[in-house]
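J.: any chance you could fold what I've pasted below:
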Amino acid sequence: MKFREIRVGELDDLIASGWYRRQKIIPITPSRAISQAINPNAYPNDIALLMAVAEDDSLAGFAGILPARLYLARAEPERFFYNSCWWIHPDKGRRVSMPLFYRMLEITRGRMVLADMTEHTEKIVDGTGRFRDQKPAEGIYLWFRGGAGTFLSRKSGYRPWVKLLASPVDLAINGMQYLRLQGMQIAAGSDTFTVRPASVEQQDVNEFIDRMCAGNPLTRRASDLKWILRTPWLIPCKLCKKGTHQYPFSWKVESFVQHVLRIDHNQLLVGVAVVNFRDGIAKVPYLYVLQGSEEPVAQALLFWLLRQPVHGLLTWNQYLLRELKRLNLPAVIKRKVYKRTAYNLVLSEVLDTSFELQDGDGDSVFT
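T.: Sure thing, here's the model as predicted:
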């Protein structure tokens, strides 16, 4: 077994190498490598990827490190690191999981955050005694339109006749939902909050984002969003090239679009949102809101989403969750989802235990 460490400045060479082309399972996709190579929070000599290579020259496991900035009051920004991936081959990697993990801790000097863990990962992390868990964040997975035909068409063994049968059901459900949602919007009263497309490059949007981040040391600033929105990690399948590579995490999807929205009230900017549409489901990685405008901004954003070509919403954002509960939005499917977060004890010296991550923190904004 060999262990390799790939620096940020070496990512382009890795994906162009003969070794990479020969792999069935790859440790990083080209889109992720291109993005991480220009991360404004990374230095060329930062280690971005750890790999365990088996005797047959194939991958036994890998782990990713994503540099970020910690913004503390009355101090210059400091660096910390997200764990962006951690994968172990079920047969070849049985003995490499913890060596990879402890090497990550060593490289990051313990300044590491795991923003979205599985229950299994949480048990492993807790067992090290080096991390502090946050209470699992409760979110919601909500389908407000019927989309069974679309959903079933992505399943293995799909047959076209299945979608033909499901489509009339979806049509009937969506007709009823449309009438119910229209009634809700009318009952909400006149809409004095407008939602429009925007850009992080706009000066007022840029300044608003950074101003609304005050007091939250982990939330990404406008400079980060400029980089993120230029370099998406997910590739719509219509752009995919045929190949033999497999990647254990998100990569190729049916559709992926990112929006930046501004919410104004009487010509005053009161909210900025980053919204991802992925395969018919909306996510809101970042929502920056002027204090005192949380409820109407959340309502305006939800009503905007209801007019978009998506089936549902996945969110842990507390403003959106409160407004969804208040509105009692009619749903075809609704279930609770949980996000588990842990941060190293070294960071506990500078982080308040009550800090909150936004939905897009870690690498979630990319997916």
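J.: where does R94 sit: helix, strand or coil?
T.: What DSSP: H, G, I helix; E, B strand; the rest coil gives for R94 is coil.
J.: so what's the model's average confidence on stretch 17-35?
T.: On average, the pLDDT along stretch 17-35 is 97.
J.: what sits up against it?
T.: With C-beta atoms under 8 Å, 6 or more residues apart in numbering as the test, stretch 17-35 has contacts from 11-12, 14-15, 36, 49, 51, 57-59, 62, 64, 87, 89, 227-228, 231-235, 244-248, 251, 366. (Each C-beta comes from the backbone N, C-alpha and C, glycine too.)
J.: now do stretch 196-216
T.: Taking C-beta under 8 Å, 6+ apart as the rule, stretch 196-216 contacts 71, 73, 219-222, 225-226, 229, 259-262, 264, 269, 272, 288-290, 355-356.
J.: list the contacts for R335?
T.: Here R335 is in contact with I140, Y141 (criterion: C-beta under 8 Å, 6+ apart).
J.: rewinding a little: now, which of the contacts of stretch 196-216 lie within helices?
T.: A222, L225, K226, L229 (DSSP state H).
J.: so where do the helices sit in the stretch 51-200 of the chain?
T.: Using DSSP state H, counting those that start in this stretch, the helices found in the stretch 51-200 of the chain span residues 97-107, 119-128, 148-153, 160-187.
J.: which strand or helix spans the closest residue to A115 other than its chain neighbours?
T.: Nearest non-adjacent residue to A115, counting by C-beta to C-beta, 6 or more residues apart in numbering: G362, 2.7 Å away. Assessed by DSSP states H and E, G362 sits outside every helix and strand.
J.: against R4, how distant is G362?
T.: Taking C-beta to C-beta, to the nearest Å as the measure, G362 falls 24 Å from R4.
J.: equivalent analysis for R132, please.
T.: 31 Å.
J.: got a ChimeraX select line for the buried ones in the contacts of stretch 196-216?
T.: Buried residues among the contacts of stretch 196-216 (16 or more other C-beta atoms under 10 Å), as a ChimeraX selection:
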select :71,219,220,221,222,225,229,259,260,261,262,264,269,272,288,289,290
